[in-house]
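Chemist: turn this into a model:
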Amino acid sequence: MSEISATALVDRVEAKIRALLWEGVPLTADVCQYIEATLGAAEPDAVADLLAGPDECERDTLLELVFFPDLSFQCAVEEILAGGGLSPEDRSGLAVHLKTNPARARLRFPGHARQLDCRLPDEGVDAFLTRLNLTWAVDVHLGRALDQWADKHRREAEIDAVRLIVQLRNADLRQTPAQLGLLKDFLERMPPADRRWQACFDFLMAFLPEHGDVLNLYRALMDRKVFLVHHLMKARRDAEIISGSNMETLSMSGFRAGYFDTAAAEETLACIDAVALAVYGRTEHFDDAPVSMDLGQAGDAADIEGIFRRLL
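Modeler: Below you'll find the model as predicted:
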């Protein structure tokens, strides 16, 4: 991160936010579906009337949906932050600026040539800035590891270190020594050319915030694996019972099958094994739950050492 004053950083972040809002905020399909369900049609005039009505009960929900910084918006702001963060005081000052001098915005509707020119209302500023999580800053050692990782693998795969920092910022990691150690080892030992790399990183961004106080993250990974294997096998047994029995008879016997996303569980189990093998060089298997491992595709420049670790 380049050395600039805190005041200059706040000014640049504010300018970027205002520029991005004025460039246009595309409404996603989910937002349009909500608008259609609420107003009957996702059209600029209807949304303008709803945003202008302070007494409209649906207005607050619409504000949160419409002014929601997506990944591209966050990455553009991250280019300014460069992994750094604002002080709580500077963040509060930025909120005051955006409330006293509201940012102009353009809302883009799918299928409509006309855009809706509006302003980011006072009521939407705090939630908008909260989602950007501007006070979080990447640990200096992790930031250095990310820079080294990007330089090392730049020619091997499409690298977007800015997006990774955004994901870290969104996860709001405490960046404990255990978390930092796992992430640095993951960056060092699992090449981004591995087609499962992004899925594993996404998994870690969901897993690590849940284990901020855990010192032994390998044990935590295996505990999550045990939990998933148990429920996965139960879901499969329930499916076998249902397929071979009459539902009316099952209901009378008190049988109740709960919903469990087996596909998501299998994907998460694959990520757990891949992370454990890459970072710790080992994983645990269960006698009643045979595990098959997809080694991916190996080309001429395959990571032989990485494949060997997966076979251990």
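
Chemist: show the average pLDDT along stretch 63-70.
Modeler: Mean pLDDT, computed over stretch 63-70, is 86.

Chemist: one more: stretch 280-297?
Modeler: Mean predicted lDDT for stretch 280-297 stands at 63.

Chemist: ok, stretch 181-194 next?
Modeler: Here the average pLDDT along stretch 181-194 is 94.

Chemist: what residues sit buried inside it?
Modeler: 182-184, 186-187, 189-194 (16 or more other Cβ atoms under 10 Å). C-beta: built from backbone N, CA, C; applies to glycine.

Chemist: I'd like those residues written out as TSV, with secondary structure added.
Modeler: TSV is the format used below for the buried residues of stretch 181-194 (DSSP: H, G, I helix; E, B strand; the rest coil):
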residue	secondary structure
Leu182	helix
Leu183	helix
Lys184	helix
Phe186	helix
Leu187	helix
Arg189	helix
Met190	coil
Pro191	coil
Pro192	coil
Ala193	coil
Asp194	coil
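
Chemist: where does Leu116 fall, phi/psi-wise?
Modeler: phi -100, psi 120 (degrees, to the nearest 10).

Chemist: from Leu215, how far out is Pro181?
Modeler: Actually, residue 181 is Gly. It isn't Pro. Counting by Cβ to Cβ, to the nearest Å, the gap from Gly181 to Leu215 is 10 Å.

Chemist: circling back to that earlier point, tell me which two of the buried residues of stretch 181-194 sit farthest apart.
Modeler: Farthest-apart pair in those is Leu182 and Ala193; separation 20.4 Å (Cβ to Cβ).

Chemist: one step back: tell me which of the buried residues of stretch 181-194 is nearest to Leu164?
Modeler: Within these, proximity to Leu164 (Cβ to Cβ) peaks at Leu187, which comes in at 9.0 Å.

Chemist: helices of the stretch 51-200 of the chain, start to end?
Modeler: Using DSSP state H, counting those that start in this stretch, the helices of the stretch 51-200 of the chain run over 59-66, 71-81, 88-100, 122-132, 140-153, 161-171, 177-189, 197-207.

Chemist: for the longest one, buried residues please.
Modeler: Yep, that's helix 140-153 we're talking about. In helix 140-153, counting by 16+ other Cβ under 10 Å, buried: 142-143, 145-146, 149-150, 153.

Chemist: identify, from those residues, the entry nearest to Ala171.
Modeler: So of these, ranked by how close each gets to Ala171 (Cβ to Cβ), first place is Leu142, at 12.2 Å.

Chemist: what sits closest to that closest one if chain neighbours are left out?
Modeler: Leu180 (5.5 Å; Cβ to Cβ, 6 or more residues apart in numbering).

Chemist: remind me which residues of the chain are low pLDDT?
Modeler: Applying pLDDT under 70 to the chain flags the ranges 1-3, 53-57, 157-158, 241-242, 244-259, 286-312.

Chemist: which helix of it spans the most residues?
Modeler: What stands out as the longest helix in the chain, according to DSSP state H, is helix 217-243.
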